[in-house]
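1. coords please:
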Amino acid sequence: MAFQDLLYQVGGLGRFQILQIVCLCISSIIVFPHVLLENFTAAIPGHRCWVHILDNDTVSANGTGILSQDTLLRISIPLDSNLRPENCRRFLHPQWQLLHLNGTFPNVSELDTEPCVNGWVYDQSSFSSTIVTEWDLVCEFQSLISVSKFLVMAGMLVGGIIYGHLSDRWLAESARWLIITNKPEEALNKLRKAAHRNGRKNVADTLTLEVLRSTTQEELEAAQNKPPVYDLFRTRNLRKRICVLSFMRFTTFLPYFGLNLHVQHLGKNVFLSQVLFGVVTLPSNYVALLALNHLGRRVSQMLFLFLLGISILITTFVPEEMQSLRVALATFGVGVSSAASTSSATHGNELIPTVVRAVAVGVIGIAANIGAAVAPLLMILTVYSPHLPWIIYGVSPILSALAVRLLPETRNQPLPDSIQDVENERKDWRKAKQEEISMKVTPF
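-> Residues are numbered from 1 along each chain as shown. The predicted structure is shown next:
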């Protein structure tokens, strides 16, 4: 009899567990939208250079009205390769000769132009004001948007480290963790509360400290020597798991936040894209749950991560004019990225022994938050190629999928309680493998 039997007595999935899940969901609902606000507060509206002949109030008031705004725009702002007004350059002087040309002309690029030395004019049809319009974070200053998003994500990284430690003061601890850390009295109290909320009131009479000690004797013996933090990397098997899980979480969160923080780069209508991204998250997590239970942890993660990488790479090279296809692929990518994150978290928790799980999850979480913080910084690479950041977003989950093969399957397997359980698992696997080979070569 072990701790799993105690869980069956108090109720494996009842009112108590459901209440815990609801509380976690409420906190996530409150926190996560603050990250997505960057898609609106740092949105880049349409913009062009401020031009004296177009935007000076005095000139506009005294103008004859002979020339339209479109005509003045044509002689003031050069066209880009898509025959749209340039965002970051203007003509040094009005090019009146362009009025006599009906179509495109060969020598436009040779005409003298200059940067937007007098500022920009912004399209306010969708966003009346953002940090971009307030601080002119466009053209050569556009990389500062990535810096602002990085600072937000870096704040999450620092906050997770600090407040993750402080939260132990008021959050209820796991009964299993309390047993492992040699606090059986507190663990008994938690188990009795869980049984009471699950409607199993009679269990409180039979579940005593003596019963708890006898059923978890092995866990209590392991708790006598509380492992220090460096034990995460002292033994070979556990060190391998921590390093692989940290790499996986980094390369999973990199594209996840790359998609979620750059909605405007994927579709013109930020509001529609954001709604679609939010709607697809719920069914994707349900699909992740089904896959984890039927396909296993490893196959599920590899499937979702490969689909994520492929969807991003395809989206990267779809022309901007095909907006519907780009938004559909991006929405699919957000869905599988959410499923991949859920699968990764589940698998990781089942691979780490209980005695160091809290510390290990913190270390892996730091790697994940580093990936989230690096994601917006990669957009600075657009100065070299507009596709480069998205290629990195697409390749990283594929590398993560390959790393999953280095971890064992944990479906229907008991949770490891001690570091020795993890190391013995490797020895048991080797022993079973040797016995299998022996059986094959032994004559009968």
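2. so what's residue 23 scoring on pLDDT?
-> For residue 23, the pLDDT comes out at 81.
3. how close does it get to residue 348?
-> 21 Å (C-beta to C-beta, to the nearest Å). Every C-beta, even on glycine, is put in place using the N, C-alpha and C of the backbone.
4. the more surrounded of the two?
-> residue 348 (25 against 12; other C-beta atoms under 10 Å).
5. Could you report the neighbour count for the closest residue in space to that one that isn't next to it in sequence?
-> Spatial nearest neighbour of residue 348, chain neighbours left out: residue 245 (4.8 Å); criterion: C-beta to C-beta, 6 or more residues apart in numbering. Around residue 245 there are 27 other residues, counting by other C-beta under 10 Å.
6. Report the contact partners of residue 197.
-> 14, 15, 16, 19 (C-beta atoms under 8 Å, 6 or more residues apart in numbering).
7. hmm, who's touching the host helix or strand of the last one?
-> With elements taken from DSSP states H and E, the one containing residue 19 is helix 15-36. Applying C-beta under 8 Å, 6+ apart, the contact partners of helix 15-36 are 10-11, 152-153, 156, 193-194, 197-199, 257, 260-261, 274.
8. Give the rounded mean pLDDT of stretch 49-57.
-> Here the average pLDDT along stretch 49-57 is 79.
9. can you map out the helices along the stretch 151-300 of the chain?
-> Listed in chain order, the helices of the stretch 151-300 of the chain (DSSP state H, counting those that start in this stretch) span 175-180, 184-197, 203-206, 209-215, 217-223, 236-260, 270-294, 297-316.
10. In space, what's closest to residue 156 - neighbours in sequence excluded?
-> residue 369 (5.8 Å).
11. now residue 209
-> Per C-beta to C-beta, 6+ apart, closest to residue 209 is residue 188, 5.6 Å.
12. so what's the one you found up against?
-> Going by C-beta under 8 Å, 6+ apart, residue 188 touches 207, 208, 209, 212.
13. Generate a ChimeraX selection restricted to the buried entries among those residues.
-> Typed into ChimeraX, the line below selects the buried ones among these, using 16 or more other C-beta atoms under 10 Å:
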select :207,212
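14. could you redo the contacts of residue 188 as CSV and give each row pLDDT and distance to residue 332?
-> Output for the contacts of residue 188, formatted as CSV (pLDDT from 0 to 100; distance: C-beta to C-beta, whole Å):
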residue, pLDDT, distance to residue 332
207, 76, 48
208, 73, 53
209, 74, 53
212, 74, 48
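15. just to revisit the earlier point, for residue 301, state which of the contacts of helix 15-36 is nearest.
-> Residue 301 lies nearest to residue 257 out of the contacts of helix 15-36, by C-beta to C-beta, at 18.1 Å.
16. Much appreciated, bye for now.
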